[in-house]
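J.: fold the following, please.
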Amino acid sequence: FYCSACHCFHTSTLGRMDVHSLDWRLRDKETLCLHAQAYRDAPSSTERNTLFIKHGVQWSSLWHLPYWDPAQQLVVDSMHCLLDSMIF
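T.: Numbers count the residues shown, from 1 in each chain. Sure thing, here's the model as predicted:
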């Protein structure tokens, strides 16, 4: 995942303009937390790497904070500024 806010991932999705695709929907906090916990509980570094490649999430102590939502709490990047019409 090159985007921590939406479901776009892999180089095949770079430069896409089909803004109505489901890939543009925001990532779900609960699902991200489950993937982060699976990463934390993985028995080996090989399995952790596999989970990270598949889901793009790693465990962080920030997950202990009840308000932590990485899809919402990030620096707004230019892709989302343009798509959300935040700049003209």
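
J.: remind me which residues of this structure are low pLDDT?
T.: 1-25, 73-88 (pLDDT under 70).

J.: switch to 90 and redo it
T.: Applying pLDDT under 90 to the chain flags the ranges 1-32, 52-57, 67-88.

J.: ranges for the helices of it?
T.: Applying DSSP state H to the chain gives helices spanning 29-41, 45-55, 78-83.

J.: W63: which of these is closest?
T.: helix 29-41 (5.5 Å; C-beta to C-beta). For every residue, glycine as well, the C-beta is placed using N, CA and C.

J.: which strands and helices sit next to that closest one?
T.: Other helices and strands packing on helix 29-41, by 3 or more C-beta pairs under 8 Å, 6 or more residues apart in numbering; DSSP states H and E, are helix 45-55.

J.: so which bits of stretch 32-52 are buried?
T.: L32, C33, H35, A36, A38, Y39, A42, R48, L51, F52 (16 or more other C-beta atoms under 10 Å).

J.: do stretch 52-60 as well
T.: F52, H55, G56, V57, W59.

J.: how near is the fourth one to R27?
T.: What that stands for is V57. Relative to R27, V57 is positioned 9 Å away (C-beta to C-beta, to the nearest Å).

J.: P66: which of the buried residues of stretch 52-60 is nearest?
T.: Once C-beta to C-beta is applied, the member of the buried residues of stretch 52-60 that ends up nearest P66 is W59, at 16.3 Å.

J.: which residue is the nearest non-sequential neighbour of the closest one?
T.: Counting by C-beta to C-beta, 6 or more residues apart in numbering, W59 lies nearest to R40, which is 3.6 Å off, once chain neighbours are set aside.

J.: what do you get for L32?
T.: Among residues not flanking L32 along the chain, V57 sits closest, at 5.5 Å (C-beta to C-beta, 6+ apart).

J.: wait, doesn't the one you found sit right on Y39?
T.: Yes - if you go by C-beta atoms under 8 Å, V57 and Y39 touch, sitting 6.2 Å apart.

J.: between these two, what contacts are shared?
T.: Listed as contacting both V57 and Y39 by C-beta atoms under 8 Å, 6 or more residues apart in numbering are L51.

J.: nothing else from me, thank you.
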